[in-house]
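Student: output the structure for:
(2 chains)
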There are 2 protein chains.
Amino acid sequence: MTDSDRRWLNAAALLAERGRPLSRPNPAVGCVLVKDGRVVGRGWTQPGGRPHAEAMALAAAGAAARGASAYVTLEPCAHQSERGPCCARLLREAGVARVVVGCGDPDPRTAGDGVAMLREAGIAVVEAECAASRASLAGYLMRAESGRPFVTLKLALSIDGCIATASGESQWITGAEARAHTHLERARHDAILVGGGTLRTDRPRLDVRLPGLGTRSPERWVLSRSPAPDGWHRLSDPADLSPLASAQYLFVEGGAQTAAAFLAADHVDRLLVYCAPIVIGGGRPGIADIGLGALAGAHGRWKFADRRMLGADTLEVYARTR
Amino acid sequence: MTDSDRRWLNAAALLAERGRPLSRPNPAVGCVLVKDGRVVGRGWTQPGGRPHAEAMALAAAGAAARGASAYVTLEPCAHQSERGPCCARLLREAGVARVVVGCGDPDPRTAGDGVAMLREAGIAVVEAECAASRASLAGYLMRAESGRPFVTLKLALSIDGCIATASGESQWITGAEARAHTHLERARHDAILVGGGTLRTDRPRLDVRLPGLGTRSPERWVLSRSPAPDGWHRLSDPADLSPLASAQYLFVEGGAQTAAAFLAADHVDRLLVYCAPIVIGGGRPGIADIGLGALAGAHGRWKFADRRMLGADTLEVYARTR
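Tutor: Sure, this is the predicted structure:
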């Protein structure tokens, strides 16, 4: 794979983001068709999972697809569906000359058959190990490999790690930009969860209040032993995420007990820490007891992944090392 | 002041750092002499406060100082001392053509007289408001203006703001690079302080264990109502820093009660937060109660100032807004 291949794959991974999370139960895939160094077609998985990214890109390219290279974040599917022909066949029929695949598809109906079908048709295939492709498929891959959604835990903390004053005042720790960013993150998730205490105390709406994204509010879940109120789903144990059967991405928003319960179950894949430039001092900590014994057990589990300023606040992203 | 002037002043401010903190009781000043775009002399305040930065730079430049521009972080002194002539006179006698001053000297023996003496001698003087100069003189200016040292509070925290596990295990939160950086910061301070609890529990040496900087260990202070052990000084109340009579820079290393006491007294000017990529969960918080009432009172007091990675850890610096 050349540097140029990698750049086109990264571009495809960015396109894939447009399908997240509406593509469920299908993966959110991105596809770029390139001929003579020019993009002749782009596509991403449409809401509900069809058409696929390759079908969209091929439709956009038309006859220009002949002889082009296709960059796809996920291995093209090899299984015919009642909703349309498989993508490996579409690529062959369009006369694509070369396919660069960012990540193999663990779906047993494809799992290598997509690549094999392309090669049988005389198409050159590069199987890349593309980090951006894998990252854009995190929820789909987690479902396929571990049977659960990819879980992000969000925290909004003071410098000293508090989510509220000692008396419980918590609105607001972070500023308007950070809170808007949280709404954007909500829109990237299928499901959102808070603890029963937070639900009773704060009565959060947990919806997406950003212009144009109002319809993207995720399914609301509560971690509780009591029945969930109307419009809410209930999870009773963070160690068993099977009730979240269709979700690829779960967003956990707190409070401290819920955060701790997910961490103790080792069911957090990504930490999103919004840190405000304030000191509370003796306030309520953001994460309750997670059953850590020795300090050594805390090291090596998280890796700094990304950071940005949001107004006066800092967003820091940590990824679980596995 | 031109962009070029600002760059030379910034260079002088970096030189000034070499005199910190050994220049006490004098300010740590930096001086650059520039002629025809070339540096012809550099100097900084020597240990004990003499020779001054200007005297060092003029000695280095010799005859080349004639017609040069002098960039000095602090207004040249106007008062003769038994330890040598004043710098305004030295600059005049050396035939310097122009002096750019980063910051006026609040010392009543100078306080504008240095600039006046230069102008009377026909030397062009630019009185700049140079942030880098002021920052490099933070301790001196705080002493002159508020009668106390510039106070840095250091915290080594987990992502969730803890300094130890619930059982008190605290070695180590951060990695080797962050701990080495703490030693470097110690070497930049006149005095270092911990609380009585930390002294009894950890028996910290609080010295500088970096090659070549072993002699730079600051004076050790303990915040306590009991007498200080041998080799230690005692402070009884963070609201009254007068016992630290000669220190320009005080480094507060904890623990949580001591951090809170200094914050409650509003005697912290700079926060140095070493954040490790670990989650402790239900551990010991880094800052105890600071008497914050409403959350609104926490906002607007701190401004993000700087950040760097130290191995896997992040150092974040916040400055008190005043």
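
Student: chain B contacts on the stretch 51-200 of chain A?
Tutor: Residues of the stretch 51-200 of chain A found near chain B (C-beta under 8 Å from any C-beta of the partner chain) are A:155, A:157-162, A:164-166, A:169-173. Just so you know, the C-beta spots here come from the backbone N, C-alpha and C atoms, and that holds for glycine as well.

Student: buried ones among those?
Tutor: With burial judged by 16 or more other C-beta atoms under 10 Å in any protein chain shown, the buried subset of these is A:Leu155, A:Leu157, A:Ser158, A:Ile159, A:Asp160, A:Gly161, A:Cys162, A:Ala164, A:Thr165, A:Glu169, A:Ser170, A:Ile173.

Student: from the residues you listed, pick the one nearest chain B.
Tutor: Using C-beta to the nearest C-beta, the shortest approach to chain B within those belongs to A:Gly161, at 1.7 Å.

Student: hmm, back to that, in strands, which of the residues of the stretch 51-200 of chain A next to chain B fall?
Tutor: Judged by DSSP state E, those include A:Leu155, A:Leu157, A:Cys162, A:Ala164 as members of strands.

Student: may I see the residues you listed organised as TSV, with pLDDT and distance to A:Ile290 added?
Tutor: Putting these into TSV (pLDDT from 0 to 100; distance: C-beta to C-beta, whole Å) gives the following:
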residue	pLDDT	distance to A:Ile290
A:Leu155	98	13
A:Leu157	98	16
A:Cys162	98	17
A:Ala164	97	19
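
Student: of those residues, which pair is most distant in space?
Tutor: A:Leu155 and A:Ala164 (12.0 Å; C-beta to C-beta).

Student: domain parsing of chain A, as residue ranges.
Tutor: Taking automatic domain parsing as the domain assignment, the record places the domains of chain A at A:3-140, A:148-320.

Student: is it possible to export those to JSON lines including distance to B:Ala88?
Tutor: What follows is the domains of chain A, written out as JSON lines (distance: least, C-beta to C-beta, whole Å):
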{"stretch": "domain A:3-140", "distance to B:Ala88": "60"}
{"stretch": "domain A:148-320", "distance to B:Ala88": "41"}
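
Student: how about the ones you listed, which one is nearest B:Trp232?
Tutor: Nearest to B:Trp232, of all those, is domain A:148-320, at 26.1 Å by C-beta to C-beta.

Student: for the closest one, measure first residue to last.
Tutor: 15 Å (C-alpha to C-alpha, to the nearest Å).

Student: please save the CA atoms from the worst-scoring helix or strand of chain A on mean pLDDT in PDB.
Tutor: Lowest on mean pLDDT, DSSP states H and E among the helices and strands of chain A sits helix A:196-202, with a mean of 90. Output in PDB follows, covering the C-alpha atoms of helix A:196-202 (Å, rounded to 0.1, in the frame of the first residue of the first chain):
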ATOM      1  CA  GLY A 196     -31.100   5.600  38.200                       C
ATOM      2  CA  GLY A 197     -29.900   8.300  40.700                       C
ATOM      3  CA  THR A 198     -29.100  10.700  37.900                       C
ATOM      4  CA  LEU A 199     -32.400  10.000  36.300                       C
ATOM      5  CA  ARG A 200     -34.400  10.700  39.500                       C
ATOM      6  CA  THR A 201     -32.300  13.800  40.500                       C
ATOM      7  CA  ASP A 202     -31.700  15.500  37.200                       C
END
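
Student: which residues does it contact?
Tutor: By C-beta atoms under 8 Å, 6 or more residues apart in numbering or on different chains, the residues outside helix A:196-202 that reach it are A:168, A:170, A:194, A:204, A:222-226, A:229, A:232, A:253-255, A:257-258.

Student: out of those, which are inside helices?
Tutor: Among the contacts of helix A:196-202, DSSP state H puts A:Gln257, A:Thr258 in helices.

Student: and the contacts of helix A:196-202, which two are the farthest apart?
Tutor: Spanning the widest gap among these are A:Ser170 and A:Arg225, at 23.8 Å by C-beta to C-beta.

Student: could you pull up the residues touching the spatially closest residue to A:Ala111 that is not a sequence neighbour?
Tutor: Closest residue in space to A:Ala111, ignoring its immediate chain neighbours: A:Asp105 at 6.2 Å, by C-beta to C-beta, 6 or more residues apart in numbering or on different chains. Shown in contact with A:Asp105 (C-beta under 8 Å, 6+ apart): A:Pro27, A:Leu74, A:Glu75, A:Cys77, A:Ala111, A:Gly114.

Student: which of these has the most neighbours?
Tutor: Among the contacts of A:Asp105, A:Leu74 has the most neighbours (other C-beta atoms under 10 Å in any protein chain shown), with 33 neighbours.

Student: how far does stretch A:170-189 stretch from one end to the other?
Tutor: Terminal-residue distance, stretch A:170-189 (C-alpha to C-alpha): 24 Å.

Student: buried ones in it?
Tutor: Result for stretch A:170-189 [16+ other C-beta under 10 Å]: buried residues A:170, A:173-175, A:178-179, A:181-183, A:185-189.

Student: columns secondary structure and pLDDT on top of the residues you listed, output as CSV?
Tutor: Shown next, in CSV, are the buried residues of stretch A:170-189 (DSSP: H, G, I helix; E, B strand; the rest coil; pLDDT from 0 to 100):
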residue, secondary structure, pLDDT
A:Ser170, coil, 94
A:Ile173, coil, 97
A:Thr174, coil, 98
A:Gly175, coil, 97
A:Ala178, helix, 98
A:Arg179, helix, 96
A:His181, helix, 97
A:Thr182, helix, 97
A:His183, helix, 96
A:Glu185, helix, 97
A:Arg186, helix, 96
A:Ala187, helix, 96
A:Arg188, coil, 96
A:His189, coil, 97
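
Student: widest-spaced pair of these?
Tutor: Farthest-apart pair in those is A:Ser170 and A:Arg188; separation 23.5 Å (C-beta to C-beta).

Student: and the residues of the stretch 51-200 of chain A next to chain B, which is closest to B:Cys86?
Tutor: Set against B:Cys86, the nearest of those by C-beta to C-beta is A:Ile159 (44.3 Å).

Student: so what does that closest one look like in phi/psi?
Tutor: Note on A:Ile159: its backbone torsions stand at phi -50, psi -40 [degrees, to the nearest 10].

Student: repeat for A:Val39
Tutor: Phi and psi for A:Val39, reported as degrees, to the nearest 10, are phi -80, psi 120.

Student: give me the neighbour count for it.
Tutor: For A:Val39, using other C-beta under 10 Å, the count is 17.

Student: helix, strand or coil for the nearest residue to it once chain neighbours are set aside?
Tutor: Closest residue in space to A:Val39, ignoring its immediate chain neighbours: A:Val32 at 6.0 Å, by C-beta to C-beta, 6+ apart. Look at A:Val32: counting by DSSP: H, G, I helix; E, B strand; the rest coil, its state is strand.
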